[in-house]
Each structure stands twice: as structure tokens, then as C-alpha cells.
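Q: Please find the sequence and the predicted model below.
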Amino acid sequence: MESGPAAFAGTAFALFGVALLLWTAVRLRQRQPVLDGSHPTAAAVLSTVLGTAALVGGIWCLSSV
């Protein structure tokens, strides 16, 4: 009964993490700012950390199913 919400949350977190990491990589590769109006390095580091955390959280949720 509880595996349904864990699978949904894990999939959502994993997809968000992958999308955020891909977005950051594409923006950095094109030498465009990741976030307008902020320091380029800080925004890249923050989005990389948050994307990795979301991906790890999604994998953890999916492993508990």
C-alpha cells in the first residue's frame, strides 16, 4: 500500500534531479547564465548540489519500494 506513493515520489525526485542537472550542464556548456541576476559560479554550484540531492533522494525513495 505504501509503495505507490514512494514510487511516485522517487520518480518525481529523480526526474527533477536529472532535468536540473541537464539544464545546468547545457547552460554552462553554452556559456550562458544558469540564473539571471546572480553570480554565475554560485548559481551553477547551487543548482548542481540541488539537482544531485534530488536525484539521490529519488533513488533512495525508489530503493525503498
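A: Cool, got the structure. All values reported here derive from a predicted model rather than from experimental measurement. Residues are numbered from 1 along each chain as shown.

Q: Report the contact partners of S63.
A: G10 (Cβ atoms under 8 Å, 6 or more residues apart in numbering). No exception for glycine: its C-beta is placed from N, CA and C like everyone else's.

Q: Pull up the gap between it and P5, please.
A: Distance of S63 to P5, computed by Cβ to Cβ, to the nearest Å: 15 Å.

Q: Ok, A54 next?
A: Note on A54: its distance to P5, by Cβ to Cβ, is 17 Å.

Q: Comparing the two, which residue is more hemmed in?
A: Set A54 next to P5 and count neighbours by other Cβ atoms under 10 Å: A54 wins out with 20 against 11.

Q: which one is the more buried one nearest to, not counting chain neighbours?
A: Setting aside the residues directly before and after it, A54 is nearest to G17 in space (Cβ to Cβ, 6 or more residues apart in numbering), at 3.4 Å.

Q: wait, that neighbour sits on C61?
A: No. At 11.3 Å, G17 and C61 do not qualify as touching, with contact defined as Cβ atoms under 8 Å.

Q: would you list every one of the helices in the protein?
A: Remark: helices assigned in the chain by DSSP state H are 3-29, 40-63.

Q: Reformat the ones you listed as JSON lines; add mean pLDDT.
A: Shown next, in JSON lines, are the helices of the chain (pLDDT from 0 to 100):
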{"stretch": "helix 3-29", "mean pLDDT": "94"}
{"stretch": "helix 40-63", "mean pLDDT": "95"}
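
Q: Fine, thanks again, bye for now.
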